[in-house]
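Trainee: prediction below, plus the sequence it came from.
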Amino acid sequence: MPSLKTTITGIGLQNPLMLASGILDENGYTMKNILECGAAAVVTKSIGREERTGYRPPIVAEVPDGLLNAVGLSNPGIDNFGNEVGIALQAGKPVIGSIFGGTADDFLYVGKKMEEYGANALELNLSCPHVLGVGSEVGSDPELVEEIIGELKNKIEIPVWAKLSPNVTNILEIANAASKADAFVVINTVRGMAIDIYARRPVLSNAYGGLSGRAIKNVGIRYVYQLYKETGKPIIGVGGIEAYEDAIEYLMAGASALEIGTGVYSKGKGIFSEINSGISSFMESEGIASIKELVGAAVQ
Amino acid sequence: MIHSVIERVDRETPTTVTILFPWEKEVRPGQFIMVWIPGVGEIPISLSFTGHTKGITVKSYGPTSTAITKLRAGEKIFFRGPYGNTFRKHDGKALIVGGGSGMAGLLPLITPESHGLVSARTKAELLFADRFSPEKLTTVTDDGSSGIKGFAVEGLKSMDLGEFSMMYVCGPELMLKSVLDYISGDGIDADFSLERHMKCGIGVCDSCSIDGLQLCTQGPVFTKSALLNSREFGRERLSVSGLRVKL
Ligand SMILES: Cc1cc2nc3c(=O)[nH]c(=O)nc-3n(C[C@H](O)[C@H](O)[C@H](O)COP(=O)(O)O)c2cc1C
Ligand code: FES
């Protein structure tokens, strides 16, 4: 039997599949349930400094080959999230704390708390706006990204993963600004929108949203490949992974670990064990002994 | 979004209406749709009519449900679904227990043989009590204006449950919890259809979850045995922000 074990920034994973941020990861019992369904780790919903109710429904729209969402960063505030992390940790697997903020100070405050709660790493959601509700994304401002990651790396012990947005002109510029991060998570959702032609209006209450699922897989593969090749940094691949072939494609593009979000909606919670057994059979038939052999295998 | 043109609107109680519309789709009792009022909001509503003509029975409560109750015949209704699971089939004698607008989701289960316990705040708010033959009906009201005064469980206490082997229960969660506690040691089995806050309806947002399971995809119907072992049922839920709060 080939081994599915992998390591990312020193964190051992039983298999390469983690739950992506924002999907079924607000309630500790749900995260625990997902870990029991075969995910090697979970990334929490993005948590900020203050409690936020987010946008009014509709917050999601089912579109061909994916989902559009604009949840609006609803979260209970970091001070109220310790209990959920604690419940998730009962599964005995890594829990990654996703955090957001508008300033380096926000990120530090929230990151410190996540560390105290027992999170095994931080994932920085850089696709959040500077000032909540208005303005451009934090992740499109290289100076701010550098400052945030510099602060966290100085004052936090656990690994820091920078989750990059595909909605920038030059992803390498942001990756360079984030070069002190221990790993890159690629990609967040791609900006999108849907209109209901009979209602003659945008479906999402926020009008604009983020596209996820199969529709964006080939965008993700491209950025993983590019960042692996240009930076050599450990990479966590995310975006449209719904079958074992997608997972292997991401690994071959340079990802050492993977996250699944929309696939949990389209395939159910069994997706983690299904993809793992597909990867395992593939490795067996192709004579591959470890995940490491697959990582970056297609990069030239 | 799916849309249909409303055929008819029936007033059921002073605050509740049934909206009927054609929709060529096979749906099962217990399932729900997410109803969208453009510019206002989107909420989950269980289907009270599951034949060729579909129907929802809605009580005016928040801004979206209030807007839904104002829809008129000939207007468009926007929705997506159907979502969720269904009730278990049962051959023995069953009791249908509905609290408040919870009767809406139970309506498709009612047959001429059905026994029912219908509860509401007042007599005027009793929903679909007239669908049971009078000798098979028990009513319970908070103010005592019809039947037994008190909560639904008081009605159960007044009945001989020994003749039933199954219960189908829908209503506010604290009512369901009191019913579950009352029958926990009995031989009677039960399916409970839960109502919780739902933002997405498709198993991604985690707002409806209970003990790691999603009401919208793995519910809303849960068995008695599943709920007996639950840590969150009747106790805690997450608020719109995701804050853990007591029920
Ligand atoms: C409903 C929904 C909510 C999301 N919320 C977050 C979030 O809070 N923080 C974050 O970093 N990414 C969030 N994402 C993005 C996902 O983590 C992931 O990067 C993206 O969906 C692509 O992966 P997928 O195709 O497997 O879903 C969200 C995605 C969806 C569909
Ligand atoms: S309503 Fe979003 S997970 Fe159930």
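Mentor: Cool, the structure landed. Numbers count the residues shown, from 1 in each chain, chains lettered A, B, ... in the order given. Ligands and ions are numbered 1, 2, ... in the order given.
Trainee: ok, which stretches of the stretch 1-150 of chain A are strands?
Mentor: Residue ranges of the strands in the stretch 1-150 of chain A, as given by DSSP state E, counting those that start in this stretch, are A:6-8, A:11-13, A:17-19, A:41-43, A:60-63, A:66-69, A:95-99, A:121-125, A:129-131, A:134-137.
Trainee: out of those, nearest to residue A:177?
Mentor: Closest approach to residue A:177 among those is made by strand A:121-125 (12.0 Å; CB to CB). Using the backbone N, CA and C atoms, a C-beta is placed for each residue, glycine as well.
Trainee: tilt between the closest one and strand A:95-99?
Mentor: Counting by axes from the mean of the first three to the mean of the last three CA atoms, to 10 degrees, strand A:121-125 lies at 30 degrees to strand A:95-99.
Trainee: partners of strand A:121-125, with directions?
Mentor: Take DSSP bridges as the rule and strand A:121-125 pairs in its sheet with strand A:95-99 (parallel), strand A:160-164 (parallel).
Trainee: rewinding a little: turn the strands of the stretch 1-150 of chain A into a markdown table, columns for distance to residue B:227, mean pLDDT and mean neighbour count.
Mentor: Listed next are those as a markdown table, based on distance: least, CB to CB, whole Å; pLDDT from 0 to 100; neighbours: other CB atoms under 10 Å in any protein chain shown:
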| stretch | distance to residue B:227 | mean pLDDT | mean neighbour count |
| --- | --- | --- | --- |
| strand A:6-8 | 38 | 96 | 21 |
| strand A:11-13 | 34 | 98 | 18 |
| strand A:17-19 | 25 | 98 | 29 |
| strand A:41-43 | 25 | 98 | 29 |
| strand A:60-63 | 27 | 97 | 21 |
| strand A:66-69 | 30 | 97 | 25 |
| strand A:95-99 | 27 | 98 | 28 |
| strand A:121-125 | 34 | 97 | 27 |
| strand A:129-131 | 41 | 65 | 14 |
| strand A:134-137 | 43 | 68 | 13 |
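Trainee: nearest to ligand 2, out of these?
Mentor: Closest to ligand 2 of these is strand A:60-63 (CB to the nearest ligand atom; 8.0 Å).
Trainee: adjacent strands (with direction) for that closest one?
Mentor: Here strand A:60-63 is paired, per DSSP bridges, with strand A:66-69 (antiparallel).
Trainee: contacts only, for residue 35.
Mentor: Went with chain A since none was named. By CB atoms under 8 Å, 6 or more residues apart in numbering or on different chains, the contact set of residue A:35 is A:41, A:42, A:88, A:91, A:93.
Trainee: not what I meant, chain B
Mentor: Listed by CB under 8 Å, 6+ apart, the contact set of residue B:35 reads B:42, B:43, B:44, B:45, B:56, B:58, B:64, B:68, B:77, B:78, B:79.
Trainee: ok, and the closest non-adjacent residue to the first one?
Mentor: What that stands for is residue B:42. residue A:57 (4.0 Å; CB to CB, 6 or more residues apart in numbering or on different chains).
Trainee: the one you found touches residue B:202, doesn't it?
Mentor: No - Residue A:57 is beyond contact range of residue B:202, at 11.6 Å (criterion: CB atoms under 8 Å).
Trainee: between these two, which is the more surrounded one?
Mentor: residue A:57 (25 against 20; other CB atoms under 10 Å in any protein chain shown).
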